[in-house]
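**Student:** output the structure for:
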Amino acid sequence: PPHPYYAYTAVYWENQRAGRIDNTKTGLLLLMIGLLIAWIPFIGAVGGIIALVGALLVILGREAFGQEHARNVILSIIFFFVGIGISIVGALVLFFAAISFTANNPGIIVQPSFVSLGLIIIVGGAITAIAQVLLTYALQKRNGRILLWSGYATSIALNIVNTLIIYPLFVGGRPFFFETGLFFLPAFLGAIPALLYAVAYYLARDRIVRREIPSPMMQQSSVTM
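**Tutor:** Below is the predicted model:
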């Protein structure tokens, strides 16, 4: 019979692996729920928090699915914070530019800077969106990866559209912006990439539920880490 120490070690690592798989399944479910809520006005912040918790669980469970997935998750974290950093800097500068709108001659100050800052925010959003692609990329089949990249392309396109929608607010179009409902349009358009990502995450989770992944080889490699 095997030595009790080795039997205990095998059971311990098997429990660790099972816990990581469960973390990933739960995390993907929370990501799906969070994304489907995040685009809804007024309660979107709740969806964002749920999605963040889900992402953290996926991060905690990454090692059960092999080195490629674990590496992609780490890269996802890096892209997320880099993109957020760029967006925050752009948003802060945009905020101070908006304050200057009340000055005597805002057109010279705000309008040219808004275009540049809009580009910064678009770039930051594009970098952040890569994180959503990489987070489950190694867990996906072809259809799931197509959905991820479709969500990525759609999110970039919507960032550009949203910038064009918000622009009238800085050129004297405040009444038009609020009275026509354009204020809510960016949020509703955000449902498109959110749905694409949510379906992709569902496909990844379904593969785990069906025990297509992790493969026995991945399971063994995760035990030896």
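
**Student:** now residue 58: closest residue in space that isn't a chain neighbour?
**Tutor:** Nearest non-adjacent residue to residue 58, counting by CB to CB, 6 or more residues apart in numbering: residue 27, 3.8 Å away. Every C-beta, even on glycine, is put in place using the N, C-alpha and C of the backbone.

**Student:** where's the residue nearest to the spatial centre of the chain, which helix or strand?
**Tutor:** In the chain, the residue lying closest to the centroid (CA atoms, centre = their mean) is residue 132, at 3.9 Å. Element membership for residue 132 (DSSP states H and E) is helix 106-134.

**Student:** re earlier: which element is the spatially closest residue to the residue nearest to the centre of the chain that is not a sequence neighbour on?
**Tutor:** Of all residues not flanking residue 132 in the chain, residue 197 sits nearest, at 5.7 Å (CB to CB, 6+ apart). Per DSSP H and E: residue 197 is located in helix 191-209.

**Student:** any buried residues in that helix, and which?
**Tutor:** For helix 191-209, burial by neighbour count (16 or more other CB atoms under 10 Å) applies to 191-205, 207-208.

**Student:** could you find the closest non-adjacent residue to residue 29?
**Tutor:** residue 205 (6.4 Å).

**Student:** swap that for residue 68, sorry
**Tutor:** Spatial nearest neighbour of residue 68, excluding adjacent residues (CB to CB, 6+ apart): residue 138 at 4.5 Å.

**Student:** got the contact list for the one you found?
**Tutor:** Contact analysis of residue 138 by CB atoms under 8 Å, 6 or more residues apart in numbering lists 65, 66, 68, 69, 72.

**Student:** which helix or which strand is home to the third one?
**Tutor:** To tie it back to what came earlier, the one meant is residue 68. Using DSSP H and E, residue 68 sits within helix 67-99.

**Student:** which helices and strands does the helix or strand hosting the residue nearest to residue 58 pack with?
**Tutor:** Assessed by DSSP H and E, residue 27 sits inside helix 4-38. Using 3 or more CB pairs under 8 Å, 6 or more residues apart in numbering; DSSP states H and E, the elements in contact with helix 4-38 are helix 44-60, helix 191-209, helix 216-223.

**Student:** I'd like to know which of the contacts of residue 138 are buried.
**Tutor:** Among these, the ones that count as buried by 16+ other CB under 10 Å are 65, 66, 69, 72.

**Student:** downstream of the least confident helix or strand in the chain by mean pLDDT, the next helix or strand is which one?
**Tutor:** When the helices and strands of the chain are scored by mean pLDDT, DSSP states H and E, helix 174-179 comes last with a mean of 50. Sequence order places helix 185-189 as the next helix or strand after helix 174-179, per DSSP H and E.
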